[in-house]
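Asker: Predicted coordinates and the sequence they were generated for:
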Amino acid sequence: MPKICILIKIGNIELPDFPLLLAPMEDVSDPPFRRLCKTHGADMMYSEFISSEGLIRDAIKSRQKLDIFDYERPVGIQIFGGDEEAMALSSKIVSTVHPDLIDINFGCPVKKVVCKGAGAGVLKDVDLMIRLTKAVIDSTDLPVTVKTRLGWDESSINIDEVAERLQDIGVQALSIHARTRAQMYKGHSDWSHIARVKNNPRITMPIFGNGDIDSPEKALRYKNEYGIDGIMIGRAAIGYPWIFNEIKHYFKTGEHLPTPSVIDRVEAARNHLMWSMEWKGERLGIVEMRRHYTNYFKGIHSFKDYKQKLVTTDEVDDLFSVMKEIEEVYASYEFV
C-alpha cells in the first residue's frame with residue numbers, strides 16, 4: 001500500500017507531516033535569515049516579534065518587521081503586548097500585509113517585555129491571556145496561533161489549562177517552549193509537559209515543541225518520545241541553517257548529510273550578507289551582518305584573523321574578497 005502522507009493543517013495552511021518551523025527570534029529572524037532557512041528546508045517561518053504598541057505608534061522598526069515576501073510562504077507575523085485594544089488594532093494592521101497567519105508571543109522571558117505585562121508575563125494571568133488572544137482573533141480573518149511556555153515557574157506550570165482555553169476560543173495551533181519563564185533559556189527543558197498536552201483527548205489543534213533541538217538524533221528521539229506534531233527550531237539554526245534539511249534527511253534515511261564545508265559556509269554567509277544589504281541598505285546590511293560571522297565559522301582552527309577582517313571591513317567588494325580568500329585557504333579543511 002502507498003504510504004499516506006498526513007498533512008498538518010492550520011486554517012487553510014497545509015504543512016507536510018511533522019513540519020520543522022523556524023522560531024521567531026528578535027534581531028535574528030529577519031527576511032534575509034528567513035530566506036536562508038527556507039532554502040535549507042524550513043517548512044514554516046515567523047517574523048521577529050513585533051510590539052503591538054510600536055505598531056500603533058507607527059514605530060519605523062516595528063513597521064519594517066512587517067516585511068514578508070512570497071518566496072517565504074507560509075509565513076506568520078508574531079505580535080506581543082499586554083493591552084487588548086492595542087492587540088486588536090495590531091491584528092488589523094498585520095492583516096493588511098497578508099501573512100498566512102498571526103502568532104501571539106506569550107513566551108518571551110526578557111524583562112523589558114515581561115514588565116510591560118506582555119510575553120511570558122501573561123503566564124501569571126491566564127484570564128488576561130485569553131482576553132488578549134480573543135481580541136486578536138476577533139480582529140482578523142487569518143488563523144491565529146500562540147507561542148508560550150510551560151508556566152511562570154516550576155510551582156505554577158499551567159500549560160494544560162492554557163492549551164484548552166486557547167483552543168476553546170479559536171486558537172489554531174500552539175507552540176510550547178519546554179521551560180518556565182523563571183528558567184529563561186537555562187537549565188533543563190522538560191518536554192513531558194508538552195507530551196501531556198498533546199495526549200489530552202480534548203486537544204485537536206497541532207502542538208509544536210520547542211527548546212534544545214540541536215541535532216537530527218535529538219529531533220527524532222523527541223518526535224518518537226513525545227508524539228508532538230512538529231518541532232520549532234530557534235538557536236540551533238543561527239549560523240547553521242542546514243539543520244532543517246539535516247533533520248529531514250535523517251528522518252528519511254537514518255543517515256547524516258555531509259557536514260557543510262567551509263565553502264558551503266562562505267556561500268551561506270555571502271548570501272546572508274547580499275540579502276541583508278538588499279533589504280536594509282548597504283551600510284546597515286554590512287554592519288548588522290557582523291554578529292553572524294562567528295556562528296557561520298564556528299570551530300574552524302586559526303580563523304581569528306579572518307574573523308577580525310570580516311567584522312572590521314567596511315567596503316562590500318573588500319568583504320567579498322575576504323570571503324574568496326577564506327574559500328581558497330580552507331578549501332580542503334575538514335571538520336572533526
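Answerer: Happy to help now that I have it. Note that the structure is a prediction, hence the values are computed from the model and not measured.
Asker: moving C-terminal of the worst-scoring helix or strand of the chain on mean pLDDT, what's the next helix or strand?
Answerer: Using mean pLDDT, DSSP states H and E, the weakest-scoring helix or strand in the chain turns out to be helix 111-114, at a mean of 53. Next in sequence after helix 111-114, counting helices and strands by DSSP states H and E, comes helix 126-137.
Asker: Please enumerate the helices of the stretch 151-300 of the chain.
Answerer: 159-168, 192-199, 216-226, 243-253, 262-280, 282-296 (DSSP state H, counting those that start in this stretch).
Asker: Could you tell me the angle between the shortest one and helix 159-168?
Answerer: In other words, helix 192-199. Angle of helix 192-199 versus helix 159-168, following axes from the mean of the first three to the mean of the last three CA atoms, to 10 degrees, is 40 degrees.
Asker: May I see the buried residues of helix 192-199?
Answerer: Neighbour counts using 16 or more other CB atoms under 10 Å place 193-195, 197-198 of helix 192-199 among the buried residues. No exception for glycine: its C-beta is placed from N, CA and C like everyone else's.
Asker: That helix - what's its average pLDDT?
Answerer: Rounded to a whole number, the mean pLDDT of helix 192-199 is 96.
Asker: pull the CA atoms of it into PDB?
Answerer: In PDB, the C-alpha atoms belonging to helix 192-199 read as follows (Å, rounded to 0.1, in the frame of the first residue of the first chain):
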ATOM      1  CA  SER A 192       7.000  15.700  29.200                       C
ATOM      2  CA  HIS A 193       4.600  18.600  29.800                       C
ATOM      3  CA  ILE A 194       4.200  19.100  26.000                       C
ATOM      4  CA  ALA A 195       3.500  15.400  25.600                       C
ATOM      5  CA  ARG A 196       0.800  15.600  28.200                       C
ATOM      6  CA  VAL A 197      -0.900  18.500  26.400                       C
ATOM      7  CA  LYS A 198      -0.600  16.600  23.100                       C
ATOM      8  CA  ASN A 199      -2.100  13.400  24.700                       C
END
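Asker: so where's this protein uncertain?
Answerer: 1-6, 59-62, 107-121, 182-187, 336 (pLDDT under 70).
Asker: Show me how it divides into domains.
Answerer: Listed domain ranges for the chain are 8-253, 262-329 (source: automatic domain parsing).
Asker: Would you point to the one among these that's packed deepest?
Answerer: domain 8-253 (a mean of 19; mean count of other CB atoms under 10 Å).
Asker: Endpoints of it, how far apart?
Answerer: 22 Å (CA to CA, to the nearest Å).
Asker: again with stretch 66-85
Answerer: 19 Å.
Asker: How far does that stretch sit from its chain's centre?
Answerer: Averaging C-alpha coordinates over stretch 66-85 and over its chain gives two centres that are 12 Å apart (CA atoms, centre = their mean, to the nearest Å).
Asker: which one of the buried residues of helix 192-199 sits closest to Thr294?
Answerer: Ile194 (31.1 Å; CB to CB).
Asker: what's Tyr296 in contact with, if anything?
Answerer: Residues counted as contacts of Tyr296 (CB atoms under 8 Å, 6 or more residues apart in numbering) are 239, 265-266, 268-269, 272.
Asker: got a markdown table for the buried residues of helix 192-199, with distance to Pro31 too?
Answerer: Formatted as a markdown table, these follow (distance: CB to CB, whole Å):
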| residue | distance to Pro31 |
| --- | --- |
| His193 | 33 |
| Ile194 | 29 |
| Ala195 | 34 |
| Val197 | 32 |
| Lys198 | 32 |
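Asker: So which of the helices of the stretch 151-300 of the chain is nearest Met129?
Answerer: Distance to Met129, taken as CB to CB, is lowest for helix 159-168 among those, at 6.9 Å.
Asker: hang on, isn't Leu89 packed against Val136?
Answerer: No. Taking CB atoms under 8 Å as the definition, Leu89 is not a contact partner of Val136, at 10.0 Å.
Asker: sec struct for Glu14, please.
Answerer: At Glu14 the chain is in strand, as set by DSSP: H, G, I helix; E, B strand; the rest coil.
Asker: Look up the closest residue to it, ignoring the ones flanking it.
Answerer: Leaving aside its chain neighbours, Glu14 sits nearest to Leu7 (4.8 Å; criterion: CB to CB, 6 or more residues apart in numbering).
Asker: The one you found and Asp317: what is the separation?
Answerer: For Leu7, the distance to Asp317 (CB to CB, to the nearest Å) stands at 46 Å.
Asker: With Asn199 instead?
Answerer: 57 Å.
Asker: try Lys134
Answerer: 53 Å.
Asker: which ones are touching the closest residue to Leu273 other than its chain neighbours?
Answerer: In space, and not counting its chain neighbours, Leu273 is closest to Met289: 4.9 Å by CB to CB, 6+ apart. By CB under 8 Å, 6+ apart, Met289 lies in contact with 269, 272-273, 276.
Asker: Which of those residues sits closest to Cys37?
Answerer: Nearest to Cys37 out of the contacts of Met289 is His272 (CB to CB; 10.4 Å).
Asker: so the closest one makes contact with Thr39?
Answerer: No. His272 is beyond contact range of Thr39, at 10.4 Å (criterion: CB under 8 Å).
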